[in-house]
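> Have a look; sequence and predicted model below, questions after that.
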Amino acid sequence: MAVVPLHVDEFRTPVHGTVFGERTQVVHRLRAGDQLILGPDPPCAEVPAVWVHARGGDVIGHVPLQIAAWLAPWMLEGGRCQARVEKVGSDDIESWRRLVIRIVCRVAQPSGLPDD
């Protein structure tokens with residue numbers, strides 16, 4: 001299994017790519033504490049991304065590629081993440097710093113054992 005860096009089980013990160021298409025409108029709907037969905041690119045992706053979606057599926061953007069480089073393979077091998085909105089900045093803040101999320105990583109339990 002891909003390894004999450006030892007010091008990382010919970011972290012904050014900005015979401016990149018929030019200004020493309022209708023994504024800014026999705027960001028405007030978000031509030032601190034909102035639950036988000038994270039989805040890695042398929043294993044065949046040359047440069048894997050981890051996409052951030054609002055509940056309901058709207059794409060918001062992606063985690064920075066430096067994080068996705070280890071997070072995507074870890075998720076594809078069974079690692080689980082929970083993500084919530086930590087902070088939504090106004091439109092006068094740079095887009096790459098406008099939305100900050102908190103991600104909690106945990107190893108999936110073997111079949112038959114309850115998740116926390």
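Good, I have the coordinates.

> remind me, longest helix of the protein?
Secondary structure assigned by DSSP state H gives helix 65-76 as the longest helix of the chain.

> partners of whichever helix or strand comes after that one in the sheet?
Sequence order places strand 79-88 as the next helix or strand after helix 65-76, per DSSP states H and E. Paired neighbours of strand 79-88 in the sheet (DSSP bridges): strand 35-40 (antiparallel), strand 99-107 (antiparallel).

> Keeping just the C-alphas, turn strand 79-88 into CSV.
Presented in CSV, the C-alpha positions along strand 79-88 are these (Å, rounded to 0.1, in the frame of the first residue of the first chain):
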residue,chain,number,x,y,z
GLY,A,79,-7.0,4.5,2.1
ARG,A,80,-10.0,6.6,3.1
CYS,A,81,-10.3,10.4,3.5
GLN,A,82,-12.9,12.7,5.0
ALA,A,83,-12.9,16.3,3.9
ARG,A,84,-14.6,19.4,5.2
VAL,A,85,-14.6,23.1,4.3
GLU,A,86,-12.4,24.9,6.7
LYS,A,87,-12.5,28.4,5.2
VAL,A,88,-14.0,30.2,2.2
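
> what's next to that strand, contact-wise?
Outside strand 79-88, the residues that touch it by CB atoms under 8 Å, 6 or more residues apart in numbering are 1-2, 4, 12, 27, 30-38, 52, 71, 75, 98-108, 115. The C-beta positions use only the backbone N, C-alpha and C, and glycine is treated the same way.
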